[in-house]
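[1] no FASTA, just this:
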């Protein structure tokens, strides 16, 4: 998968780590974080293209 959009802050998403998401993504993962669930600096350090709305 190329990208993930996290649009809601359900408990299931809050429990997920960036490593969990990265397992099912390609080598250039895109993470759009509408709710600010993830730390953008950590995501960028783990080679995600991270954007927060």
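    Cool, the structure landed. Because the structure is predicted, anything quoted here is derived from the model rather than measured.
[2] Quick check, central residue of the protein?
    The C-alpha lying nearest the average C-alpha coordinate of the chain belongs to residue 31 (Cα atoms, centre = their mean; 4.2 Å).
[3] contacts for the helix or strand harbouring that residue?
    Element membership for residue 31 (DSSP states H and E) is strand 30-33. Here strand 30-33 makes contact (Cβ atoms under 8 Å, 6 or more residues apart in numbering) with 2-6, 18, 21, 38, 40, 43, 48-53. No exception for glycine: its C-beta is placed from N, CA and C like everyone else's.
[4] can you rerun that using 10 Å?
    The contact list for strand 30-33 (Cβ atoms under 10 Å, 6 or more residues apart in numbering) reads 1-7, 9, 13, 18, 21-22, 25, 37-40, 43-44, 46, 48-53.
[5] just checking, next helix/strand downstream of it?
    helix 40-45.
[6] If you count neighbours, what's buried in that following helix?
    Across helix 40-45, burial judged by 16 or more other Cβ atoms under 10 Å covers residue 43.
[7] Which elements pack onto that helix?
    Judged by 3 or more Cβ pairs under 10 Å, 6 or more residues apart in numbering; DSSP states H and E, helix 40-45 is in contact with helix 18-22, strand 30-33, strand 49-52.
[8] Return the distance of the longest one from the chain's centre.
    Looking back up the chat, that one is helix 18-22. Centroid displacement of helix 18-22 relative to its chain, using Cα atoms, centre = their mean, to the nearest Å, is 7 Å.
[9] Buried ones only from the contacts of strand 30-33, please, as a PyMOL command.
    Selection of the buried residues among those in PyMOL, burial being defined by 16+ other Cβ under 10 Å:
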select buried, resi 4+6+13+18+21+22+37+38+43+46+48+50
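[10] remind me which residues of the protein are low pLDDT?
    Flagging of the chain using pLDDT under 70 yields an empty set of residue ranges.
[11] circling back: what lines up beside the strand holding residue 31 in the sheet?
    Paired strands of strand 30-33, with direction, are strand 3-6 (parallel), strand 49-52 (parallel) (DSSP bridges).
[12] so what's residue 8 up against?
    Applying Cβ under 10 Å, 6+ apart to residue 8 gives the contacts 34-35, 37.
[13] and with 8 Å instead?
    34-35.
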